[in-house]
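*Asks:* quick one: sequence plus predicted model below, questions after.
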Amino acid sequence: MAGLLIVEDEPGIRAFVGRALTAAGYATDCAATGAQALSQAEAGHYDLIILDLVMPDMPGQECLTRLLADRPGQSVLVLSCLGDIATKVDCLERGAQDYLTKPFSLAELLARVRVRLRADQVPHVQAEVIRAGNLTLDVGHLVASIGQGPVPLTRLEFLLLRELADHAGQSVSKGRLLATVWGYDFDPGSNVVDVCVRRLRGKLGFGLIKTVRGEGYQLAGH
């Protein structure tokens with residue numbers, strides 16, 4: 001049974017989301033403040049944290065950063081009334097895997113939770129190295145290199161880069177990346193692909209991934 005932590009300061013929303021997720025078969029804990037969320041996340045393991053951004057003791061973005069600093073692989077879905085693009089991009093760049101704006105559909109929240117948990121179920125893999133031009137991907141350690149030493153990647157960054165490497169010489173559409181990397185068979189209405197590409201360019205150099213206008217992304221030099 002997957003364990004979820006709901007971080008929400010509004011008692012009504014916290015109870016509503018908790019009941020819905022429990023009825024869907026998940027084990028749920030709740031936190032009303034950022035400090036409680038950090039303490040509970042440190043004490044236990046959660047397959048997914050659903051995080052509100054407006055809390056009484058600290059900005060949600062600060063809580064997100066601290067959660068991921070302690071547990072870099074932690075999966076976080078932001079659920080917030082803040083719907084502006086700048087806030088969404090900021091949270092995605094800080095490492096959130098998804099962002100859903102209030103008011104929200106319960107059916108969509110449950111769908112996104114299922115997608116997020118399914119995408120995080122990674123089978124054990126043997127040591128494997130993938131090469132595409134000067135790019136090397138170490139599957140077992142989730143690191144990439146372009147000849148200047150290993151660079152650690154998040155799971156989503158690694159999966160996106162692997163998808164591009166598997167299709168070296170071709171452009172890969174955003175729709176395909178959403179399906180293979182995030183597990184979506186629908187458009188979630190956010191620019192998670194663009195943000196992930198931006199992070200990879202920041203880590204490995206802007207010239208590694210090129211934008212193919214109207215088509216998607218492609219490894220440069222192929």
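*Replies:* Cool, the structure landed. No experiment lies behind these values; they were computed from the predicted model shown. Residues are numbered from 1 along each chain as shown.
*Asks:* got the domain ranges for the chain?
*Replies:* Domain ranges of the chain: 3-119, 129-219, per automatic domain parsing.
*Asks:* mind giving me a markdown table with those domains and columns for mean neighbour count and mean pLDDT?
*Replies:* Quick note: C-beta positions are derived from backbone N, CA and C, even for glycine. Putting those into a markdown table (neighbours: other CB atoms under 10 Å; pLDDT from 0 to 100) gives the following:
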| stretch | mean neighbour count | mean pLDDT |
| --- | --- | --- |
| domain 3-119 | 17 | 91 |
| domain 129-219 | 17 | 87 |
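*Asks:* next one: stretch 105-124 to chain centre, how far?
*Replies:* Offset of stretch 105-124 from its chain centre (CA atoms, centre = their mean, to the nearest Å): 11 Å.
*Asks:* whoops, stretch 2-15 was the one
*Replies:* Taking CA atoms, centre = their mean, one finds stretch 2-15 lying 19 Å from the centre of the chain it belongs to.
*Asks:* do stretch 204-222 as well
*Replies:* On CA atoms, centre = their mean, the centre of stretch 204-222 falls 21 Å from the chain's centre.
*Asks:* and for that stretch, what's in contact with it?
*Replies:* For stretch 204-222, the surrounding residues in contact (CB atoms under 8 Å, 6 or more residues apart in numbering) are 132-135, 144, 146, 151, 164-165, 167-174, 176-177, 193, 197, 200-201.
*Asks:* at 10 Å what do you get?
*Replies:* Stretch 204-222 is contacted from outside by 132-135, 144-146, 148, 151, 153, 157, 160-161, 163-177, 193-194, 196-198, 200-201, using CB atoms under 10 Å, 6 or more residues apart in numbering.
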